[in-house]
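Asks: With the input below, show me the fold.
(2 chains)
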Amino acid sequence: GAVVSQHPSRVICKSGTSVKIECRSLDFQATTMFWYRQFPKQSLMLMATSNEGSKATYEQGVEKDKFLINHASLTLSTLTVTSAHPEDSSFYICSARERTPQNGYTFGSGTRLTVV
Amino acid sequence: GEDVEQSLFLSVREGDSSVINCTYTDSSSTYLYWYKQEPGAGLQLLTYIFSNMDMKQDQRLTVLLNKKDKHLSLRIADTQTGDSAIYFCAESINTDKLIFGTGTRLQVFP
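Replies: Here you go, the predicted model:
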């Protein structure tokens, strides 16, 4: 089945630094990828929709200058958390959709970001 | 608006059936999904149902959809300890983004 690889799985960074998270579709092309944020014991919150070759679409309340999304190819989307602060600490998950919705959305394994 | 609700917690004995319920508000949902999340991991697609279907069965999993009441359920037969996880229902709006439910933590005890 479809596989989405997400790296790193865990990262600890200092306040003020930037962190890049990668999301790759391994055996299919994904024109659209999605980035979610999950707080402990809570549901997934959609942050943005990443479109290959164009600008990402951000959900209301998500700062696009803080969470930079780049979808330069059909198999790779990146999320960069810029000038990270402790409140950015969270679990970030990407997902990609195959050609047909019946196949559902395949999720990466997530990235645990801790900002100290 | 988009709102997907689930009960927060379910505890069942090993071997019994589990039923996880979900209600949604957006009638334009096209597909509805059930995902499983184990601790510290991503989401695993368990099954899905198209909005014009009433029921779908896949091995131990049975999905029931009541579109009139906007109610979705997932039944897990012969629940095992390995089924302990958080289960999320999700609706696909106009086949685009997914809206997730609040998640149900299933605990299976011997």
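Asks: quick one: pLDDT of B:Glu2?
Replies: Listed pLDDT for B:Glu2 reads 63.
Asks: Okay, now the unreliable bits of the chain?
Replies: Picking chain A for this. A:1, A:99-104 (pLDDT under 70).
Asks: switch to chain B, that's the one I care about
Replies: B:1-2, B:94-95.
Asks: in it, which spans are strands?
Replies: Counting by DSSP state E, one finds strands in chain B at the ranges B:4-6, B:9-13, B:18-24, B:29-37, B:43-50, B:55-58, B:61-66, B:71-76, B:85-93, B:98-100, B:104-109.
Asks: Which elements pack onto the last one?
Replies: Taking 3 or more C-beta pairs under 8 Å, 6 or more residues apart in numbering or on different chains; DSSP states H and E as the contact definition, the neighbouring helices and strands of strand B:104-109 are strand B:9-13, strand B:18-24, strand B:85-93. Every residue, glycine included, has its C-beta placed from N, CA and C.
Asks: please redo it, this time with the cut-off set to 6 Å
Replies: strand B:9-13, strand B:85-93 (3 or more C-beta pairs under 6 Å, 6 or more residues apart in numbering or on different chains; DSSP states H and E).
Asks: For that strand, which outside residues touch it?
Replies: The contact list for strand B:104-109 (C-beta atoms under 6 Å, 6 or more residues apart in numbering or on different chains) reads B:6-7, B:9-12, B:14, B:18, B:20, B:79, B:81, B:83-84, B:86-87.
Asks: Can you select the buried ones from the residues you listed in ChimeraX?
Replies: Restricted to buried positions by 16 or more other C-beta atoms under 10 Å in any protein chain shown, the ChimeraX selection for the contacts of strand B:104-109 reads:
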select /B:6,10,12,18,20,79,83,84,86,87
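Asks: Out of the contacts of strand B:104-109, give me the two with the largest separation.
Replies: B:Gln6 and B:Glu14 (22.1 Å; C-beta to C-beta).
Asks: okay, now A:Val116: neighbour count?
Replies: 9 (other C-beta atoms under 10 Å in any protein chain shown).
Asks: just A:Lys14 next, same as before
Replies: 8.
Asks: likewise B:Lys68?
Replies: 7.
Asks: re the thing from before, generate TSV for the helices and strands packed on strand B:104-109, with distance to chain A as supplementary columns.
Replies: TSV is the format used below for these (distance: least, C-beta to the nearest C-beta, whole Å):
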stretch	distance to chain A
strand B:9-13	11
strand B:85-93	6
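Asks: now for the ones you listed, which one comes closest to A:His85?
Replies: strand B:85-93 (27.1 Å).
Asks: could you say what helices and strands that closest one packs with?
Replies: Strand B:85-93 packs on strand B:18-24, strand B:29-37, strand B:98-100, strand B:104-109, going by 3+ C-beta pairs under 6 Å, 6+ apart.
Asks: quick check, A:Phe28 in a helix?
Replies: No - A:Phe28 sits outside any helix when classified using DSSP: H, G, I helix; E, B strand; the rest coil, being coil.
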